[in-house]
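**Student:** Let me see the structure of the following:
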Amino acid sequence: VVQNPADPAAAKYLGLTYFELGQNDNAVKLLEQARSSSPNDPEVLLALGVALARSHSDEEAQTILGELLKSNPNSVGIHILLGKAYAAQGQVPQAEQEFRRALELNPQTTSAHLYLGILKMQNGQMAEAGKEFQAELQAHPENVEARYDLAFVLLKQQKLSEAIPLLHQVIQEKPGYA
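**Tutor:** Here you go, the predicted structure:
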C-alpha cells in the first residue's frame with residue numbers, strides 16, 4: 001500500500017488484516033478504498049459493515065450491510081449482523097424482523113433466539129424473553145449466556161426454584177462468566 005496506494009488488492013487485503021486484528025479505524029479507511037474499485041465484493045462489504053458497527057458508526061454499518069443483503073438475500077449471517085446493527089440503534093421492530101428472517105432461513109441459527117430474548121427482556125417482556133432463551137437452549141444447549149439470561153428472567157418472575165439450578169450450571173460451566 002505504501003509503494004502503490006492505488007492498488008485495490010493491496011488495500012483490500014491490508015484492510016481485511018486490520019479488520020481481523022480489531023483495528024477498525026484502519027480497516028474502515030482501507031476497506032472503503034477497496035470498495036471504490038469493487039463495490040459489490042461481499043468480503044469487503046461484510047468486513048466494512050462489521051468494522052463500522054464495531055466503531056459505533058451504526059447507521060453507516062446498516063447501510064453497508066443493507067447493500068450486502070441486496071446481493072446476498074439468503075445469508076443468515078448478514079441478517080444476524082443487520083439485526084444487531086438495528087438493535088444497537090434502538091430500532092427494535094427492524095432488529096426483530098432480521099433475527100426472525102435468519103431463523104426462517106435456518107431454524108438452527110446460533111444466537112438468533114438469544115438476541116430476540118435480549119430485545120424482549122429490554123422491553124420488559126419477560127415471559128416472551130424466557131421463551132426465546134428456552135428456544136436458544138433447546139437448539140444450542142451449550143449457550144451459557146442464554147442459560148444465564150433465562151435464569152435472570154426467572155428471577156425477575158420470582159421463580160427461584162427454576163432459576164437457581166440454572167445459575168449453578170452457569171457457575172460450573174463458566175466460573176468467570178458467573
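**Student:** Run the chain-centre distance for whichever strand or helix holds Leu46.
**Tutor:** Using DSSP states H and E, the element containing Leu46 is helix 42-54. Relative to its chain's centre, helix 42-54 lies at 12 Å (CA atoms, centre = their mean, to the nearest Å).
**Student:** so what does it touch, helix or strand wise?
**Tutor:** helix 8-21, helix 24-37, helix 58-71, helix 76-88 (3 or more CB pairs under 8 Å, 6 or more residues apart in numbering; DSSP states H and E). For every residue, glycine as well, the C-beta is placed using N, CA and C.
**Student:** Figure out which of those is closest to Leu45.
**Tutor:** Closest of those to Leu45 is helix 58-71, at 4.2 Å (criterion: CB to CB).
**Student:** Pull the CA coordinates from that closest one and hand them back as PDB.
**Tutor:** C-alpha atoms of helix 58-71 as PDB (Å, rounded to 0.1, in the frame of the first residue of the first chain):
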ATOM      1  CA  ASP A  58     -24.200   2.100  13.300                       C
ATOM      2  CA  GLU A  59     -26.100   4.000  10.500                       C
ATOM      3  CA  GLU A  60     -23.200   3.600   8.100                       C
ATOM      4  CA  ALA A  61     -22.800  -0.100   9.100                       C
ATOM      5  CA  GLN A  62     -26.500  -0.600   8.500                       C
ATOM      6  CA  THR A  63     -26.300   1.000   5.000                       C
ATOM      7  CA  ILE A  64     -23.300  -1.200   4.100                       C
ATOM      8  CA  LEU A  65     -24.900  -4.400   5.400                       C
ATOM      9  CA  GLY A  66     -28.100  -3.500   3.600                       C
ATOM     10  CA  GLU A  67     -26.200  -3.300   0.300                       C
ATOM     11  CA  LEU A  68     -24.600  -6.700   1.100                       C
ATOM     12  CA  LEU A  69     -28.100  -8.100   1.900                       C
ATOM     13  CA  LYS A  70     -29.400  -7.000  -1.500                       C
ATOM     14  CA  SER A  71     -26.800  -9.100  -3.200                       C
END
